[in-house]
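Engineer: give me a 3D structure for the following:
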Amino acid sequence: MDAVTVVPKPVNEVVLGYGPGSAERCAVEAKLDDLYKRSPFELTAAIGGRRRLARGATFDVTMPSEHRHVLGWSAAATAADTSEAIQAAREAAPGWAELDFDARAAVFLKAAELLSGSWRQTLNAATMP
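Structural biologist: Okay, here's the model as predicted:
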């Protein structure tokens, strides 16, 4: 383990107001429109580093405010899917545990960078009801 690791000082994000006519509101409205027009999406599971539909019954995922609009479709996970995911996690755990603090922290710092930057409005739009 690296004994000289310097943990970056945490800094809170600026709270955006999303007021009428604000830049952030215009950006999230544009992303909402983009996602609406590009749907439906195939909503897959990530198991063992691969994205795929689960093996159970498929179902539509609809917009809460517009039930006729299908945002995407997915499939219910089966017992076999669950077992496969557990096995994949068990196989990945030793490699993750062997990484030093800096390497593991880099994963989360990169995610934070993306979610506070170029992916902010996509995440906001995709999680709005």
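Engineer: tell me where the longest helix sits in the protein.
Structural biologist: Ranked by residue count, the top helix of the chain under DSSP state H comes out as helix 79-98.
Engineer: got the buried residues for that helix?
Structural biologist: Residues 81, 84-85 are the ones in helix 79-98 that count as buried (16 or more other CB atoms under 10 Å). Every residue, glycine included, has its C-beta placed from N, CA and C.
Engineer: ok, stretch 27-41 next?
Structural biologist: 27-28, 31-32, 35.
Engineer: okay, and which of the residues you listed map to helices?
Structural biologist: 27-28, 31-32, 35.
Engineer: adding distance to Pro10 and pLDDT, write the residues you listed out as a markdown table.
Structural biologist: Converted to a markdown table, those look like this (distance: CB to CB, whole Å; pLDDT from 0 to 100):
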| residue | distance to Pro10 | pLDDT |
| --- | --- | --- |
| Ala27 | 25 | 96 |
| Val28 | 25 | 95 |
| Lys31 | 27 | 96 |
| Leu32 | 30 | 94 |
| Leu35 | 30 | 93 |
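Engineer: quick one, helices of the chain?
Structural biologist: Using DSSP H, helices in the chain cover 23-38, 79-98, 101-116, 120-126.
Engineer: and the second one, how far out from the chain's middle?
Structural biologist: If I follow you right, that is helix 79-98. 19 Å (CA atoms, centre = their mean, to the nearest Å).
Engineer: tell me the angle that helix makes with helix 101-116.
Structural biologist: Counting by axes from the mean of the first three to the mean of the last three CA atoms, to 10 degrees, helix 79-98 lies at 120 degrees to helix 101-116.
Engineer: same check on the first one?
Structural biologist: Using the same axes, to 10 degrees, the direction of helix 23-38 lies 90 degrees away from that of helix 101-116.
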